[in-house]
Each structure stands twice: as structure tokens, then as C-alpha cells.
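>>> need the 3D shape of this:
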Amino acid sequence: MQIAYRTAIGKRRKDNEDSVGIFTNQQGVKLAIIADGIGGNQGGDVASEMAVTHIGHSFKASNAQTIDETKNWLQKQISSENQDIRNRSEQFIDLKGMGTTIVLAVIFKQTVLIGNIGDSRGYLLRGHVFSQVTEDHSLVNELVKRGELSKQAARVHPKKNVITRSLGIEKAVQIDMHFLELTDNDMLLLCSDGLSDMVNDDQIQTVLENDATVQEKCDQLIKLANDAGGLDNISVILIDDRSEVAD
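Numbering: from 1, shown residues only. From the prediction side, this is the model:
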């Protein structure tokens with residue numbers, strides 16, 4: 001298995017409010033995480049960095065090696081981090097209202113746990129089928145689920161970036177969790193909406209299926225998002241289950 005990532009500021013933003021990290025715990029289990037910060041001034045930067053750093057360092061110190069152990073650890077960690085971000089935002093006026101989305105994958109030998117809060121996404125490429133594993137916590141997705149908006153219309157809706165769940169905003173937050181049994185040649189993609197808003201699924205799948213290295217594919221995805229306008233920060237993590245785990 002190989003893991004690679006890339007984050008970029010895009011073409012329109014002054015700062016990169018995305019944070020990315022890869023961590024390994026005491027049992028050799030790996031965590032890949034992307035956080036996309038929200039909030040005025042420097043708040044988004046702070047919230048996303050807090051989430052990745054705190055969750056990542058806690059994971060490194062953990063001994064979780066089963067799905068149940070990791071699920072319990074993650075639920076506690078999300079509650080703790082939610083309160084930490086809220087506390088920090090209340091201490092400093094310029095951080096008031098800050099929060100972050102997150103998407104993460106905990107990778108075992110044959111199983112992966114994918115979790116998300118907000119509209120950062122997790123995808124699976126299996127065979128030649130590319131599908132979204134996570135569900136966006138967003139206004140437009142609620143409209144799609146109710147049949148009031150098509151998926152195509154959702155991509156260009158003026159309120160497509162309004163999220164309904166984030167880390168650090170509400171007093172309590174739940175993380176959605178999905179469990180997948182890995183098969184040979186599976187590939188997982190984690191990304192912030194700076195990619196998914198700018199590049200369609202067919203374009204992403206074409207990159208994932210080409211003969212480039214995992215790192216080169218990350219670079220190609222960033223380039224596609226920038227070539228399409230680069231309206232937001234762009235972060236991607238690729239997990240390719242076709243070779244040895246990369247440290």
C-alpha cells in the first residue's frame with residue numbers, strides 16, 4: 001500500500017486553510033486526515049491545524065488495532081477536539097466562529113474506516129467503478145436527498161458551500177463512519193471541496209486509473225483543479241492498495 005498527498009493554495013485564496021497529515025499508531029495502523037478550515041481572519045487556518053495536529057498526535061500515542069477500538073477512540077477524540085476548538089475561538093476575538101470540516105481514513109490490513117464531518121469527501125475506486133463513500137453535510141445535499149435538486153444542479157448551486165455540520169461550531173458534533181473491506185487494487189481518495197467542486201468524477205477517475213505514480217496522481221489532481229479556476233484551497237490524499245505501505 002502506498003499513501004501520498006498534496007495540498008495547494010489554489011488561485012484565488014490568500015492563505016491555505018487546509019491541513020493534511022499522515023500518522024502511524026503504536027500498532028502500525030495508519031491515519032490519513034484532511035481538514036478544511038472555515039471562519040474569518042485566520043480562524044480557518046487555526047481550526048484545521050488544531051484538528052489535524054491534535055487528532056494525529058493522539059492517534060500516534062494510541063494502541064487501537066481493531067475497528068471497535070478505533071471507533072471508540074475516534075468518537076471521544078472528536079468530542080474533545082470540538083470542545084478545544086470552541087474554547088480557543090472564545091478566547092480570541094479574531095478566531096470567533098472558526099471551525100473545520102474533516103475527512104479521514106484509518107487503514108488496517110484488510111479494512112478501512114472512513115469518517116467525515118462537513119463536505120470534505122472520501123471516494124473509492126474499485127475495479128472501474130468510482131464512487132463517493134462519504135455523504136456531504138451540506139445544504140445542497142439535503143435538497144438533493146429530498147428530491148428538490150439534481151446532483152448536476154447541486155454542483156453549480158449558489159449555496160453549494162453552505163455546510164450543515166462542522167467541527168468546532170456546535171456544542172456537540174457527530175462524525176459519520178463508514179467501514180470497507182479492502183480488496184486487491186482498491187484506491188481511496190480523500191479530498192477537500194477545492195477538488196470536488198472544480199473537477200468532476202470522470203476526470204478524477206481518469207487520473208486515478210492512469211500509469212503515473214501515486215504522488216504524480218496527487219499533483220495531476222491539483223493541476224486539474226487549478227486549471228479549472230482554483231477557486232479554493234485544494235488538498236488530496238491517495239491511498240493505493242497495490243504495494244507496500246509507505247512510511
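
>>> mind listing what's buried in the helix-or-strand element of the chain with minimal mean pLDDT?
When the helices and strands of the chain are scored by mean pLDDT, DSSP states H and E, helix 151-155 comes last with a mean of 72. Residues of helix 151-155 classed as buried: residue 154 (neighbour count, 16 or more other CB atoms under 10 Å). Every residue, glycine included, has its C-beta placed from N, CA and C.

>>> helix or strand next in line after that helix, which one?
Note on helix 151-155: by DSSP states H and E, the next helix or strand toward the C-terminus is strand 176-181.

>>> which residues does the residue nearest to the spatial centre of the chain form a beta bridge with?
Per CA atoms, centre = their mean, the C-alpha nearest to the average position across the chain is that of residue 103, at 2.9 Å. As for beta bridges, residue 103 partners with residue 34, residue 116 under DSSP bridges.

>>> report pLDDT for it.
For residue 103, the pLDDT comes out at 98.

>>> quick one: contacts for it?
33-34, 114-116, 118, 120-122, 134, 190-192 (CB atoms under 8 Å, 6 or more residues apart in numbering).

>>> surely residue 197 is in contact with residue 233?
No. The pair residue 197 / residue 233 is not scored as a contact, 11.0 Å apart, by CB atoms under 8 Å.

>>> just so I have it, where are all the strands in this protein?
Per DSSP state E, the chain carries strands over the ranges 2-8, 18-24, 30-38, 99-107, 111-117, 121-126, 129-132, 176-181, 187-191, 234-240.

>>> what would those strands look like in CSV with distance to residue 147?
Formatted as CSV, these follow (distance: least, CB to CB, whole Å):
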stretch, distance to residue 147
strand 2-8, 35
strand 18-24, 32
strand 30-38, 28
strand 99-107, 25
strand 111-117, 23
strand 121-126, 22
strand 129-132, 18
strand 176-181, 21
strand 187-191, 27
strand 234-240, 31
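
>>> residues in contact with the least confident helix or strand of the chain?
Identification of contacts with helix 151-155 by CB under 8 Å, 6+ apart yields 140, 141, 143, 144, 160, 197, 200.
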